[in-house]
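*Asks:* the following comprises the amino acid sequence and a computationally predicted model.
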Amino acid sequence: MQKNEIIHLCIEEINNLGFGVGHTGDGQVVFVRDAVTGDELDARIIKVNRSYLIARIERMHKASALRAADACPVAGCGGCVYQQIGYGHELYLKREYVKNAFRKAGLSEVKVKDVLSTHVLCGYRNKAQYPVANGKNGMQAGFFATGTHRIVPTEHCRLQPSVFSQIVGEVCSFCDRHAIRAYDEESGKGCLRHIYLRMGVGTGEIMLCLVVNGSTFPRERELCRVLSSRFKDLRSIMINVNTQSTNVVLGDTYRCLFGRDWIEDKLLGNIYRISAGAFYQVNHDACELLYTEARKQARLTKGDTVLDLYCGIGTIGLSMADHAGRIIGIEIVEEAVERARENARQNGIENAFFYCGDASDARGLLTRAEEAHGDVSGAVVIMDPPRKGSTPELISYLAERNFSRIVYVSCGPDTLARDCVLFKELGYEIGEVTPVDLFPRTGHVESVVCLTRRLDNELPMA
């Protein structure tokens, strides 16, 4: 097969990147962007690889019955991969994604339950980062096209609250009125790099953070006056300094221009203060489903100690504080640890304690906690690692300590399945996996599973 050659395909399935999958007559795999299971089409080959082809739709002969009638008008931004199908089929695909991850890891016997969802598909994100560029008619904001740094101008993204697009539009108009230029990657010149927004869905409070190529933003006071007068829920306007030639969005330095350097949100009855750089789940209502499921699988009693690893600002552990004897959170980022302690104080939670520790230093991880609280070997472990998953060192250490129940919250099915293999080898039974859809219309899915120690396979203490 050659580039630009047109081939006839019947699409057999969709992967989690949003590509329809078909095969040529001789069995070669073809990935077709935006194609749907059941489509019959002609596709133009745009990339030839030794083991597969990538193509785009050239002509549709017969559209699949699974296609959604109301597709997103913003095409090519790379954010949503399932806008072209109905949501019921999306949930089916996400469950299959989790099942296939476990099957490929050699754990086909593990049961994967139906996906939990709020079924809210629009306006669910409480966080957005808009790159900006200098367009022919002024500053443009949007999202990067798939695999590029070309901005797809986006007046309104269906996944964001409508007020986000209004604030973005006001910032761009302000920049145009005062000849403030967007940052240009090639020349390294220009001021504004990204417009970053967060919202406390439970409170309505909004934070605006401008990522700038320098220490200041022109006409800062005027900008604050204009925005705060129009958007009454705007509680914080921040500057983030990023002068590096990098793909990383945020720099290390923040400065507050207006209000305070945090906003509040209410989650499962607790109030949390969220700073610009803190991790916080982007889907408020689905996050409540996720944490409730984690608590359910932990099967807590009032006498239990909960060991909350990768705890961030404490949201998972604090949501369980009323159901356990005490919460001990461990997190590598010192700022997040301080925020977790503050969140416990302001919610009147006296049985939660947070410490700084590095999960890669497995044997030193619990040192400070056990110096303060004594041996915690009887604790129920909650772990919510980043997308790359946990480490073999930490998993082996937890097994050596014979923790009886480990509830694993994961944002990556492949790394979850990989880590479950190691837990199984070290004497744990893998419970039923519950996927939770925190990111409708995207290819991402969270999962929760409880790993239970097999008493006949206890390992000796190291």
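*Replies:* Done, it's in. Residues are numbered from 1 along each chain as shown.
*Asks:* from here on, just use CA atoms for contacts and neighbour counts.
*Replies:* Fine.
*Asks:* quick one: strands adjacent to the helix or strand of the chain with the lowest mean pLDDT?
*Replies:* The helix or strand of the chain with the poorest confidence is strand 151-153; it has a mean of 85 (mean pLDDT, DSSP states H and E). Strand 151-153 pairs in its sheet with strand 138-144 (antiparallel), by DSSP bridges.
*Asks:* need the three-state assignment for F31.
*Replies:* strand (DSSP: H, G, I helix; E, B strand; the rest coil).
*Asks:* so V436 touches T118, yeah?
*Replies:* No. Applying Cα atoms under 8 Å as the test, V436 and T118 come out as separate, 9.2 Å apart.
*Asks:* and the strand or helix carrying S447, what's buried?
*Replies:* The secondary structure element spanning S447 is strand 446-453 (assigned by DSSP states H and E). With burial defined by 16 or more other Cα atoms under 10 Å, the residues of strand 446-453 counted as buried are E446, S447, V448, V449, C450, L451, T452, R453.
*Asks:* now for that strand, which elements pack on it?
*Replies:* helix 284-298, strand 405-410, helix 413-425, strand 428-430, strand 434-436 (3 or more Cα pairs under 8 Å, 6 or more residues apart in numbering; DSSP states H and E).
*Asks:* okay, the ones you listed, which one's buried deepest?
*Replies:* strand 434-436 (a mean of 27; mean count of other Cα atoms under 10 Å).
*Asks:* now do that strand: everything it contacts.
*Replies:* 94-95, 98, 112-117, 286, 289-290, 445-449 (Cα atoms under 8 Å, 6 or more residues apart in numbering).
*Asks:* pLDDT averaged over that strand, what's the number?
*Replies:* The average pLDDT within strand 434-436 is 98.
*Asks:* can you map out the strands along the stretch 51-200 of the chain?
*Replies:* Per DSSP state E, counting those that start in this stretch, the stretch 51-200 of the chain has strands spanning 52-62, 127-135, 138-144, 151-153, 192-199. These are given in chain order.
*Asks:* want to throw these into TSV with distance to R368?
*Replies:* Shown next, in TSV, are the strands of the stretch 51-200 of the chain (distance: least, Cα to Cα, whole Å):
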stretch	distance to R368
strand 52-62	51
strand 127-135	33
strand 138-144	43
strand 151-153	47
strand 192-199	33
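*Asks:* mind putting those in JSON lines, mean neighbour count included?
*Replies:* Formatted as JSON lines, the entries for the strands of the stretch 51-200 of the chain read as follows, by neighbours: other Cα atoms under 10 Å:
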{"stretch": "strand 52-62", "mean neighbour count": "17"}
{"stretch": "strand 127-135", "mean neighbour count": "21"}
{"stretch": "strand 138-144", "mean neighbour count": "22"}
{"stretch": "strand 151-153", "mean neighbour count": "20"}
{"stretch": "strand 192-199", "mean neighbour count": "25"}
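*Asks:* just give the nearest non-adjacent residue to G314, would you?
*Replies:* Spatial nearest neighbour of G314, chain neighbours left out: A340 (4.8 Å); criterion: Cα to Cα, 6 or more residues apart in numbering.
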